[in-house]
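Asker: could you work out the structure for the sequence below:
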Amino acid sequence: MRIGYTLMTEQTGPRELVGCATAAEEAGFDFAACSDHYSPWLAEQGHAPYAWSVLGAVAQATERIELMTLVTCPTMRYHPVVVAQKAATVQLLSEGRFTLGLGSGENLNEHVVGRGWPSVSVRHDRLAEAVQIIGGLFDGGTFTYTGQHYRADGAKLWDLSPTRVPLAIAVSGPKSVQRFAPVADAMVAVEPNAELCTEWDHARLGPPTRKIGQLPVSWDPDRGAAIRRAHEQFRWFGSGWPVNAELPGTRAFDAATQFVREDDVAAGIPCGPDAGPIVDAVKEFAQAGFTDVALVQIGGAEQQPGFVEFAERELLPALR
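Answerer: The predicted structure is shown next:
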């Protein structure tokens, strides 16, 4: 299993994120997954730099570690042709180390451009069209497209890597699996759901592909401090994406999670100084059929160096 480190733009500034990426590479993480948000979920997290500027810097500051977005919404803040251009550029800067992770988005980030927030079915329709446009541009040459939601008029990517950018698409249930498995190179999900993995492989009608999970952890020598920090910054996580995707801002997330207790968070997120609970949580993803897991160390820049040192010394050897 491949173990990744998450560059959480919601909790760390841009310069610090680049340093986190280089430290993760030196520690032996297999890949670095960068979130792509316009806003944090909670005000306590306090950050939201532009992910693609961070990725450009990370591509130059690192040499071996694979990179990906986890995930980018290519349908509202960004037009698909622009997402294709950004991904192609990062692929060149990283010399073939980049995977484009895509998803249908969250109201939190997408409402800011003043186009409202559509239903789930419309969001999936838009994502499907975006995937067609991005794939068409990755094919090379001039590309024109007319769909229900988007148009591309004589678009061309003038700088393309010989290594095609793989597409990883976030799914959460049978409908999204059936729709996107045939057109994606990898699956993204945040729960260790074995049924989802099986359905994905069946829907692809081809050889198994990467299945990338994500797991928040709160490592700290003081377990009490780890739990408090997880509650302060990640109490929204247990609400699930059907709820989280609809909330429009940090105040809404704060209100929706006001009754979540520290014990509730500690029951769902590994907290404290020990590798054992993290290994057990990752094992659930492995047993479900996932090939990759990106770990999220909850906390700002000051909480990352200790976690990365712990990962190099104890956690990564235990996981492997």
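
Asker: spell out the residue ranges of the strands in this structure.
Answerer: For the chain, applying DSSP state E gives strands covering 2-7, 31-34, 66-69, 98-102, 143-146, 151-155, 167-170, 186-189, 210-219, 271-272, 292-297.

Asker: I'd like those strands as TSV, with mean pLDDT and distance to residue 41 appended.
Answerer: Any C-beta I mention is one placed from the backbone N, CA and C, and that applies to glycine too. Below are these laid out as TSV (pLDDT from 0 to 100; distance: least, CB to CB, whole Å):
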stretch	mean pLDDT	distance to residue 41
strand 2-7	98	14
strand 31-34	98	16
strand 66-69	98	17
strand 98-102	98	18
strand 143-146	98	33
strand 151-155	98	32
strand 167-170	98	16
strand 186-189	98	18
strand 210-219	98	12
strand 271-272	98	18
strand 292-297	98	12
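
Asker: adding distance to residue 201, write these out as a markdown table.
Answerer: Shown next, in a markdown table, are those (distance: least, CB to CB, whole Å):
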| stretch | distance to residue 201 |
| --- | --- |
| strand 2-7 | 18 |
| strand 31-34 | 21 |
| strand 66-69 | 20 |
| strand 98-102 | 19 |
| strand 143-146 | 29 |
| strand 151-155 | 31 |
| strand 167-170 | 14 |
| strand 186-189 | 9 |
| strand 210-219 | 9 |
| strand 271-272 | 33 |
| strand 292-297 | 15 |
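
Asker: adding distance to residue 226 and mean neighbour count, write the ones you listed out as JSON lines.
Answerer: Shown next, in JSON lines, are the strands of the chain (distance: least, CB to CB, whole Å; neighbours: other CB atoms under 10 Å):
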{"stretch": "strand 2-7", "distance to residue 226": "17", "mean neighbour count": "23"}
{"stretch": "strand 31-34", "distance to residue 226": "22", "mean neighbour count": "25"}
{"stretch": "strand 66-69", "distance to residue 226": "27", "mean neighbour count": "24"}
{"stretch": "strand 98-102", "distance to residue 226": "27", "mean neighbour count": "25"}
{"stretch": "strand 143-146", "distance to residue 226": "48", "mean neighbour count": "14"}
{"stretch": "strand 151-155", "distance to residue 226": "47", "mean neighbour count": "14"}
{"stretch": "strand 167-170", "distance to residue 226": "27", "mean neighbour count": "24"}
{"stretch": "strand 186-189", "distance to residue 226": "25", "mean neighbour count": "25"}
{"stretch": "strand 210-219", "distance to residue 226": "4", "mean neighbour count": "24"}
{"stretch": "strand 271-272", "distance to residue 226": "4", "mean neighbour count": "24"}
{"stretch": "strand 292-297", "distance to residue 226": "10", "mean neighbour count": "26"}
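
Asker: of the ones you listed, which is nearest residue 254?
Answerer: When those are compared by CB to CB, strand 210-219 sits nearest residue 254, at 18.0 Å.
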